[in-house]
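**Q** Return atomic coordinates for the entry below.
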Amino acid sequence: MSVRRYHVERQAIETNDLVEGAIKLEIPIPIVVDSQNVTSTTPATLNGWARWILSDFLSNYIDAIYVELEYATGGAGDIDLYDITNSAKIADLVAPTSAVAHTVTRVDVTTAMKAKTSAITIGIQAKGDGTNAATVYSAKLILVMSFS
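**A** Residues are numbered from 1 along each chain as shown. The predicted structure follows:
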């Protein structure tokens, strides 16, 4: 292994030299980056999106995929991960039945996202209860990867 001062040279550590799960990385992929709200009971696709191409990642190294969602609702609502390319819901994120104060949560979408093997554009859909808004402050797809 080649180490200079505090720097490990590229390719200095082989995969078989690592203890299983030794290196874990979280890779955030922004989807929604500005606060948006929806009062209507009809789901609306929020501004912001990301391209999902599973083959861009070594899927064997993906331990988990989450959506980190920062949101609030004034009443009932629904917020989903949405396949914009095919106009289809990928996963339910939250569906509160009453008001929810400004909060951040992570929802596991590993199975649903690993099933998406074609290139797609993903986004967030939200709806309120007709009177009260569902607000999404930010949403990120978080890939948890380990290299060992």
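
**Q** Go ahead and list the helix or strand containing the nearest residue in space to residue 94 that is not next to it in sequence.
**A** Excluding the flanking residues, the one nearest residue 94 by C-beta to C-beta, 6 or more residues apart in numbering is residue 79, at 5.1 Å. To be clear about C-beta, it is placed using only N, CA and C from the backbone, and glycine gets the same treatment. Applying DSSP states H and E as the criterion places residue 79 in strand 78-83.

**Q** other SSEs contacting that strand?
**A** Applying 3 or more C-beta pairs under 8 Å, 6 or more residues apart in numbering; DSSP states H and E, one finds that strand 78-83 contacts strand 62-73, strand 88-94, strand 120-127, strand 134-146.

**Q** Next, format these as CSV and append mean neighbour count, distance to residue 34 and mean pLDDT.
**A** Listed next are the helices and strands packed on strand 78-83 as CSV, based on neighbours: other C-beta atoms under 10 Å; distance: least, C-beta to C-beta, whole Å; pLDDT from 0 to 100:
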stretch, mean neighbour count, distance to residue 34, mean pLDDT
strand 62-73, 20, 11, 96
strand 88-94, 17, 18, 98
strand 120-127, 22, 12, 97
strand 134-146, 20, 8, 95
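
**Q** So what does residue 97 look like in phi/psi?
**A** Dihedral pair for residue 97: phi -100, psi -10, per degrees, to the nearest 10.

**Q** pLDDT weak spots in this structure?
**A** The model of the chain has pLDDT under 70 over residues 1-22, 147-148.

**Q** run the last query once more with 90
**A** Applying pLDDT under 90 to the chain flags residues 1-25, 53-62, 117, 145-148.
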